[in-house]
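[1] coords please:
(2 chains)
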There are 2 protein chains.
Amino acid sequence: MKGVAPPALLEKRLGSQEVFKGAFLHAFRDQVLLPSGASACREYVVHPGAVMVVPLHENSRGEVELVLERQFRYPVGQVMIEFPAGKLDAGEDCFHCAVRELWEETGYRARQWSHAGVMHPVIAYSTEFIDIWFARGLLPGPRNLDDGEFLEVFTASPEEFFSWCRDGQVTDGKTLAAGLWLQNTLSGNWPLSWHDHPMDPGPVEPL
Amino acid sequence: MKGVAPPALLEKRLGSQEVFKGAFLHAFRDQVLLPSGASACREYVVHPGAVMVVPLHENSRGEVELVLERQFRYPVGQVMIEFPAGKLDAGEDCFHCAVRELWEETGYRARQWSHAGVMHPVIAYSTEFIDIWFARGLLPGPRNLDDGEFLEVFTASPEEFFSWCRDGQVTDGKTLAAGLWLQNTLSGNWPLSWHDHPMDPGPVEPL
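    You can find the predicted model right below:
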């Protein structure tokens, strides 16, 4: 259904202009033809895309724990509880980005990976997509944060996590969307296809 | 836990500069002091905030149906399946915005409303929040779309909706996050507090 855009909804690009190029934000203003025949302008940010990883850690009692992060997010002025995530490097595929971001931010490498889905966090004004991955069979190691990146890694039970989603301690959109996947994965409603991922046993390098 | 920012994570504003002001996007670049004592720049979009409504319609067989929209979203170049949503007008509170957006986009007014929570769709580069509301006891009426707004309204069963979340037909972040609320509301895990809302029986005006 979604793939076929009804002609009554489509907008057609008439022209495009770069309006801002900063260190991070890259913004454009396009002139578009509306379904009515009128024209309008659309302003938006071009983003390389990102990945998010839901890391499932088995504790010593065989229970599943989630690996989460606390990170101060300047635009919202709050420390946010999030699943590990990060932007694609130029030319990088989503899976390698998922492996790299999990390793850089948490130090964990994972024996098994599964692709869950994709989300678009901000369809009104950004091209960004976030590819959603699950990881399990986690091996701890030292973190490898980027310069200027400050975040805390911690674990929580699924019950704690869902209570925080309900009571407003988790408000990050991507993390709430991952919660839908997580709830249905844990319940068995949406089974994942896990794939083994060979891990370099030597010095850890981004894969 | 979230309210108290660990000092090791906080960033402090040193200065702020407007870098772009368009018809929609309003972007800033701030200099910030990092926890390490170094400085960095943060580029972000200032957004007035938005609301999303999960409208629960009871069909003639007494079954719950969801009121959804299909809308072409230019930045992602796709027709997206979404719950009704829209930006706050200047000085508008979230509840009035929720009532107004549901009415404008779908024509429905609702006898009962419940606040669910709030989400931050894009914490890395926007101040945007989305306040999440549920509506039930729906009365149909004519739509009142803004100029240049083109969208289709349709209904789906919760089962259809969740299957679309799983198979990638729903990828809008706010709508997936609403799915977490919806699933737990329908299951009884996260009961909502419903409030009656008196509706003007005369000509429909934004409340």
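
[2] In contact with the residue nearest the centre of chain A, which residues?
    Against the mean C-alpha coordinate of chain A, by CA atoms, centre = their mean, the closest residue is A:Met52 at 2.9 Å. Neighbour list for A:Met52: A:Phe83, A:Pro84, A:Ala85, A:Ile130, A:Asp131, A:Ile132, A:Trp133, A:Lys174, A:Thr175, A:Ala178 [criterion: CB atoms under 8 Å, 6 or more residues apart in numbering or on different chains]. For glycine as for every other residue, the C-beta is placed from the backbone atoms N, C-alpha and C.

[3] Report the separation between the second one and A:Leu182.
    Note on A:Pro84: its distance to A:Leu182, by CB to CB, to the nearest Å, is 14 Å.

[4] Quickly run through the sheet partners of the helix or strand hosting A:Val79, with directions.
    Assigned by DSSP states H and E, A:Val79 belongs to strand A:78-82. Within its sheet, strand A:78-82 is paired with strand A:64-73 (antiparallel), according to DSSP bridges.

[5] Show residues contacting the strand it pairs with.
    A:54-59, A:78-84, A:105-106, A:108, A:138, A:150-158, A:161, A:182, A:186, B:2, B:5-6, B:9-11, B:120, B:123-124.

[6] Of these, which belong to helices?
    Of those, the ones assigned to helices by DSSP state H are A:Glu105, A:Thr106, A:Pro158, A:Phe161, A:Leu182, A:Leu186.

[7] which one of those residues sits closest to chain B?
    A:Leu182 (9.0 Å; CB to the nearest CB).

[8] Of the contacts of A:Met52 - the most surrounded one?
    A:Ala178 (32 neighbours; other CB atoms under 10 Å in any protein chain shown).

[9] doesn't A:Pro84 make contact with that residue?
    No: with contact defined as CB atoms under 8 Å, A:Ala178 does not count as touching A:Pro84 (10.4 Å).

[10] The residue nearest to the centre of chain A sits in which helix or strand?
    strand A:50-58.

[11] Tell me how chain A divides into domains.
    A:12-45, A:50-194 (automatic domain parsing).

[12] Comparing those domains, which stretch has the densest surroundings?
    Most buried of the domains of chain A, by mean neighbour count (mean count of other CB atoms under 10 Å in any protein chain shown): domain A:50-194, with a mean of 19.

[13] Please name the strands paired to the strand holding A:Met52 in the sheet, noting orientation.
    In the sheet, strand A:50-58 lines up against strand A:64-73 (antiparallel), strand A:85-87 (antiparallel), strand A:130-139 (parallel) (DSSP bridges).

[14] before we move on, back to that, max pairwise distance over the contacts of A:Met52: which two?
    Distance extremes for the contacts of A:Met52: the farthest pair is A:Asp131 and A:Thr175 at 14.6 Å, using CB to CB.

[15] returning to what we had before: mind putting the domains of chain A into JSON lines with mean pLDDT?
    Converted to JSON lines, these look like this (pLDDT from 0 to 100):
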{"stretch": "domain A:12-45", "mean pLDDT": "96"}
{"stretch": "domain A:50-194", "mean pLDDT": "96"}
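
[16] Can you tell me which of the ones you listed is nearest to B:Val46?
    domain A:50-194 (8.4 Å).

[17] which ones are touching the residue lying closest to A:Leu56 once chain neighbours are set aside?
    Excluding the flanking residues, the one nearest A:Leu56 by CB to CB, 6 or more residues apart in numbering or on different chains is A:Arg136, at 4.3 Å. A:Arg136 is in contact with A:Pro55, A:Leu56, A:His57, A:Glu58, A:Ala110, A:Arg111, A:Gln112, A:Trp194, counting by CB under 8 Å, 6+ apart.

[18] Quick one: closest of the strands paired with strand A:50-58 to A:Pro48.
    Of all the strands paired with strand A:50-58, it is strand A:85-87 that lies closest to A:Pro48, at 5.5 Å by CB to CB.

[19] Against B:Val54, how distant is the residue sitting furthest away from the middle of chain A?
    Going by CA atoms, centre = their mean, the residue of chain A most distant from its centre is A:Gly37, 36.6 Å out. Distance check for A:Gly37 against B:Val54: by CB to CB, it reads 34 Å.

[20] Check A:Pro84 too.
    As judged by CB to CB, A:Pro84 and B:Val54 stand 28 Å apart.

[21] Could you do A:Leu102 as well?
    From A:Leu102 across to B:Val54, the span is 32 Å (CB to CB).

[22] Would you mind confirming that A:Leu34 makes contact with A:Glu11?
    Yes: counting by CB under 8 Å, a contact exists between A:Leu34 and A:Glu11, whose distance comes to 6.0 Å.

[23] Next, show the common contact partners of those two.
    What both A:Leu34 and A:Glu11 touch, as defined by CB under 8 Å, 6+ apart, is the set A:Ala40.

[24] which other residues reach stretch A:81-97?
    Stretch A:81-97 has contacts (CB under 8 Å, 6+ apart) with A:47-55, A:66-71, A:100-102, A:104-106, A:113, A:115, A:130-131, A:133, A:164, A:169-170, A:172, A:174-175, A:178, A:206-207, B:1-2, B:123.

[25] and that stretch, how far apart are its ends?
    Stretch A:81-97 has an end-to-end distance of 20 Å (CA to CA, to the nearest Å).

[26] Can you report phi and psi for A:His99?
    One correction, residue A:99 is Val, not His. For A:Val99, the backbone dihedrals (degrees, to the nearest 10) come out as phi -60, psi -40.

[27] In this structure it contacts A:His197, no?
    Yes: applying CB under 8 Å, one finds A:Val99 in contact with A:His197, separated by 7.3 Å.

[28] what do these two both touch?
    A:Ala110, A:Trp113.

[29] Can you tell me the element A:His96 falls in?
    With DSSP H and E as the test, A:His96 turns up in helix A:94-106.

[30] how far does that helix sit from the chain's center?
    Offset of helix A:94-106 from its chain centre (CA atoms, centre = their mean, to the nearest Å): 11 Å.

[31] How about A:Pro7, nearest residue that isn't a chain neighbour?
    That would be A:Pro35: by CB to CB, 6+ apart, it lies 7.2 Å from A:Pro7.
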